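Colleague: Okay, sequence plus prediction incoming.
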Amino acid sequence: MSSLRQAELPAGGAKAQNGVRLFWFRRDLRLADNRAFSACLKQAKAQGQTVEAVYVHDVVGAGPAAPGAAARCYLHFSLIDLQARLAALGIPLHLRVGDNLGEIESLCNARGVAAVYWNRLPEPHGLAGDVALIKRLTALDIRVHPHEQGTLWVPDSVRKPDGGRYRVFTPFARQARAQLMLLDTQAELCPVPPPMGTGFSAPDTAIDALGLLDGRAWPHKLMRYWNPGESAAQARLSHFVATGLAAYAEGREFPALDGSSRLSAALHWGEINPWRIVHTLQPALHGAEATLGAERFLTELLWREFAHHLLTAAPDSVSRSLHGGYEALWQSNPEALDRWQRGETGLALVDAGMRELWETGWMHTRVRMVVASFLTKNIGVHWREGAAWFWDTLVDADLASNTMGWQWVAGCGVDAAPYFRVFNPDVQAERFDPQGAYIRRWLGNRPRPPAMLDLKQSRLAALARYQALAAHH
DNA sequence: CCTGGAGTTGTCCTA
DNA sequence: TTAGGACAACTCCAG
């Protein structure tokens, strides 16, 4: 596929020492605290070169990390924000659809690019593509500067003292916290670079042509609830730290409250650097100002790290149970899956959660567990089918977190919930939505269908299935 | 190498 | 009404 539109720039000549430096945005859609971007601008300035930027909608090599419909829509609007911010710096953002290698290479040829900078994706999928790209660009005598950013630690690099991998979260988090104590978090950050002064100012307007919205009205509707972009992410963090952090430990448990940080999508798309979050958290973590809420929030960030650590260690866990023997537990049930997706199971908390997801592209974390437990245990459908639905409908869909979360609930992952832990949606509603405010918010006065199955009976059936499997081993 | 203690988030029954 | 134990067994981790 070809360039969507060239910005109003002089055609690129043969690359010389005053060639262009190209920054390739991937899932680091921010200018602040982006060290690869800063390095690109700094080195360009030192050598009197110009900087151009590109985003490639990779429809060829992304594999299971290719974003779903809700996430693509979020991406669309985040790119609009990014393009405007880049224009203010004097940097054009090119937009391409195709495969990474082909599009980067053709842009390099068209613009006379001398060096390419980027931040690697934090997933193992597509890594081979990066290696191939490095090889190709190097052969063309173009410098490459891949960086690692997106998670606090390079996935899989947090290891036990003996070099082994952690397979249980608590010791992993202990080790991670110990490393945090030794680090200067400020050193991981950097300000937005100053403008380039190239005279370029017109933002490209071709983001529509990336096809991220794919014509449907539904994903667009989700955006009433989100404000993509770097400055909104920073504002969200400030707001959360000021108003929600201290009470986070308890507040996060109740879906009717606004107790979540709602930073998951911004983190996924790199609108904010996780080190910025950890740095902002510091006063609330140590000393007299320390709160339980900050500690709990840090734990959630470490779960995100752990998820990437696990995915990198086992890339095929995206679709295969880590506990392979469990695959026989689930059976296809399209009719039941459909009711679950539509929020017509007749279990109020499950239906409320599925409606919240469809309406907003997000679901409260506790409710995510409840609906996942209901699908995999009470209904008995494979966790992979639930993960696929979440993948398409969540604006914060993240391959590592989604995979780990579903395998945890289904009991087939590492450090997973014990099989007998079956959430009862009615008990959970009573405990965590005692006034029924969350359920009313998402179900309103809709007529409630009767429960599609008997909770007690389906729970016992699930226990029997898991038990039989354990006995079989 | 050995060993003891522990492992995100639950539910239900019984005393 | 409420608190405590059963539900399983296994692997992981750290001393």
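Modeller: Looks like it arrived, so ask away. Residues are numbered from 1 along each chain as shown, chains lettered A, B, ... in the order given.
Colleague: Excluding sequence neighbours, find me the nearest residue to the residue nearest the centre of chain A.
Modeller: What sits nearest the mean C-alpha location of chain A, by Cα atoms, centre = their mean, is residue A:268, with 2.9 Å. Among residues not flanking residue A:268 along the chain, residue A:398 sits closest, at 4.7 Å (Cβ to Cβ, 6 or more residues apart in numbering). All C-beta spots, glycine's among them, are computed from the backbone N, C-alpha and C.
Colleague: which residues does that neighbour contact?
Modeller: With contacts defined as Cβ atoms under 8 Å, 6 or more residues apart in numbering, residue A:398 is in contact with A:264, A:267-268, A:304, A:307.
Colleague: Check the spacing between residue A:306 and DNA strand C real quick.
Modeller: In this structure, residue A:306 and DNA strand C are 10 Å apart, going by Cβ to the nearest atom of the strand, to the nearest Å.
Colleague: what about that residue, neighbour count?
Modeller: Neighbour count for residue A:306, taken as other Cβ atoms under 10 Å: 25.
Colleague: Provide a list of residues in contact with it.
Modeller: The neighbours of residue A:306, taking Cβ under 8 Å, 6+ apart as the test, are A:166, A:169, A:172-173, A:404.
Colleague: Enumerate the residues of chain A near DNA strand B.
Modeller: A:168-170, A:253, A:299-300, A:303, A:365-366, A:369, A:408, A:415, A:417, A:420-424, A:427-428, A:431, A:455-456, A:459 (Cβ under 7 Å from any atom of the strand).
Colleague: Please dump the contacts of residue A:306 into TSV; it should also carry neighbour count and secondary structure for every row.
Modeller: Supplementary listing: the contacts of residue A:306 in TSV, determined by neighbours: other Cβ atoms under 10 Å; DSSP: H, G, I helix; E, B strand; the rest coil:
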residue	neighbour count	secondary structure
A:166	21	coil
A:169	21	helix
A:172	22	helix
A:173	19	helix
A:404	26	helix
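Colleague: Which of those residues lies at the shortest distance from residue A:185?
Modeller: Lowest distance from residue A:185 to the contacts of residue A:306 (Cβ to Cβ) belongs to residue A:173, with 16.8 Å.
Colleague: which non-adjacent residue is nearest that closest one?
Modeller: By the measure of Cβ to Cβ, 6+ apart, the closest residue to residue A:173 outside its immediate chain neighbours is residue A:302, 4.6 Å from it.
Colleague: Next one: the one you found relative to residue A:148, how far apart?
Modeller: Counting by Cβ to Cβ, to the nearest Å, the gap between residue A:302 and residue A:148 amounts to 18 Å.
Colleague: what's the distance between residue A:302 and DNA strand C?
Modeller: 13 Å.
Colleague: Ignore what I typed, I meant residue A:113.
Modeller: According to Cβ to the nearest atom of the strand, residue A:113 stands 44 Å off from DNA strand C.
Colleague: Give me the neighbour count for that residue.
Modeller: The burial count assigned to residue A:113 is 24, neighbours taken as other Cβ under 10 Å.
Colleague: which phi and psi does the residue of the stretch 101-250 of chain A found nearest DNA strand B have?
Modeller: Taking Cβ to the nearest atom of the strand as the measure, the point where the stretch 101-250 of chain A comes nearest DNA strand B is residue A:170, at 3.2 Å. As for residue A:170, its main-chain torsions (degrees, to the nearest 10) stand at phi -60, psi -50.
Colleague: now the strands: where do they sit in chain A?
Modeller: If DSSP state E is used as the criterion, the strands of chain A fall at A:20-25, A:51-58, A:93-98, A:113-120, A:143-148.
Colleague: could I get the ones you listed as JSON lines with mean pLDDT?
Modeller: As requested, the strands of chain A are exported to JSON lines (pLDDT from 0 to 100):
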{"stretch": "strand A:20-25", "mean pLDDT": "97"}
{"stretch": "strand A:51-58", "mean pLDDT": "97"}
{"stretch": "strand A:93-98", "mean pLDDT": "95"}
{"stretch": "strand A:113-120", "mean pLDDT": "98"}
{"stretch": "strand A:143-148", "mean pLDDT": "97"}
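Colleague: Let me know which of these is tucked in deepest.
Modeller: Across the strands of chain A, the average number of neighbours (mean count of other Cβ atoms under 10 Å) peaks for strand A:20-25, which reaches a mean of 25.
Colleague: how about that one as CSV, C-alpha atoms only?
Modeller: As requested, the backbone C-alpha atoms of strand A:20-25 are provided in CSV (Å, rounded to 0.1, in the frame of the first residue of the first chain):
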residue,chain,number,x,y,z
VAL,A,20,16.0,13.4,7.8
ARG,A,21,15.7,11.7,11.1
LEU,A,22,12.5,9.7,11.3
PHE,A,23,10.6,9.0,14.5
TRP,A,24,8.3,6.0,14.2
PHE,A,25,5.4,6.2,16.7
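Colleague: counting contacts, what elements does it pack onto?
Modeller: For strand A:20-25, the contact count by 3 or more Cβ pairs under 8 Å, 6 or more residues apart in numbering; DSSP states H and E identifies helix A:35-46, strand A:51-58, helix A:100-111, strand A:113-120 as packing neighbours.
Colleague: which regions of the stretch 151-300 of chain A lie under the pLDDT threshold?
Modeller: With pLDDT under 70 as the threshold, the stretch 151-300 of chain A has low-confidence stretches at A:198-199, A:201-205.
Colleague: Contacts only, for residue A:57.
Modeller: Under the criterion of Cβ under 8 Å, 6+ apart, the neighbours of residue A:57 are A:95-98, A:210-212.
Colleague: how about 10 Å then?
Modeller: A:1, A:4, A:66-67, A:72, A:75-76, A:79, A:95-98, A:100, A:103, A:207, A:209-212 (Cβ atoms under 10 Å, 6 or more residues apart in numbering).
Colleague: Bridged to it, which residues?
Modeller: Here residue A:57 shows beta-bridge partners residue A:97, assigned using DSSP bridges.
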